[in-house]
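In: my questions concern the predicted model and sequence given below.
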Amino acid sequence: MSTDADTPRASALEGVRTGRLQRHADVRGVFRELWRSSAFADIEPRLTGGPDARFVQANLSTSAAGVLRGLHYHRHQLDYWVVTRGRVFVALVDVRPVLSGDGSRPIVETHELAADDWLVIPTGVAHGFLALDELEVCYLVTAEYDGSDELGFAWDDPAVGVPWPTAGPGPGIPILSDRDRTNPPLAELLRRIAAEDAGV
């Protein structure tokens, strides 16, 4: 994966990486390399969903300005996103400190990305985004969709405190799916996961 900079941009969250694609343009148009497997050779298996994890599905998501998707959480999937059109406010919520049981709060990190920016989201980091413009995002994932790892919690959970910008049809009212409108608070989601893991 070629980028304008030699190294990805820094993140406080383990396994999260961001960068920018390099454009090769001439009078005919533009070429961009979206992904290269060697760029992911150093990612530890615990961050990708397993020792044999590899990208197995590619998706293209389009959103109108003001659409908010999230917060979504995967326990067995790494995501690699490339913004191909528009601008987006991305919220990342690292719940791994909470799951460790040491009483820590989730860690929130936000990024504003534009066309040609890319982002790696490891397992254990919830994610959501708000489309600031008409938006198109291509993303590769390490697990085929079957619904079993499609978890989520409330985008506006005050215990998490994502500082979403104002966007949508009214002041502070983003456009949401039914699922994202009714997701539980993070604490409730984690209780459900703990109960499932304990076989309750």
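Out: Everything's here; your move.
In: and the worst-scoring helix or strand of the chain on mean pLDDT, what does it pack onto?
Out: Ranking every helix and strand in the chain by mean pLDDT, DSSP states H and E puts helix 45-48 at the bottom, with a mean of 78. Of the remaining helices and strands, none touches helix 45-48 by 3 or more CB pairs under 8 Å, 6 or more residues apart in numbering; DSSP states H and E. (Glycine included, C-beta is placed from N, CA and C.)
In: may I have it exported as PDB, CA atoms only?
Out: Written as PDB, here are the backbone C-alpha positions of helix 45-48 (Å, rounded to 0.1, in the frame of the first residue of the first chain):
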ATOM      1  CA  PRO A  45      -3.200 -12.200  14.800                       C
ATOM      2  CA  ARG A  46      -4.900 -11.100  18.000                       C
ATOM      3  CA  LEU A  47      -5.700  -7.800  16.200                       C
ATOM      4  CA  THR A  48      -7.000  -9.400  13.000                       C
END
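In: what mean pLDDT does the next helix or strand after it have?
Out: Under the assignment DSSP states H and E, the closest C-terminal helix or strand after helix 45-48 is strand 57-63. When pLDDT is averaged over strand 57-63, the result is 95.
In: ok now strand 57-63, how far from the chain's centre?
Out: Centroid separation for strand 57-63 versus its chain: 12 Å, with CA atoms, centre = their mean, to the nearest Å.
In: I'd guessed residue 24 sits against residue 116; true?
Out: No. Taking contacts as CB atoms under 8 Å, residue 24 lies outside contact range of residue 116: 11.7 Å.
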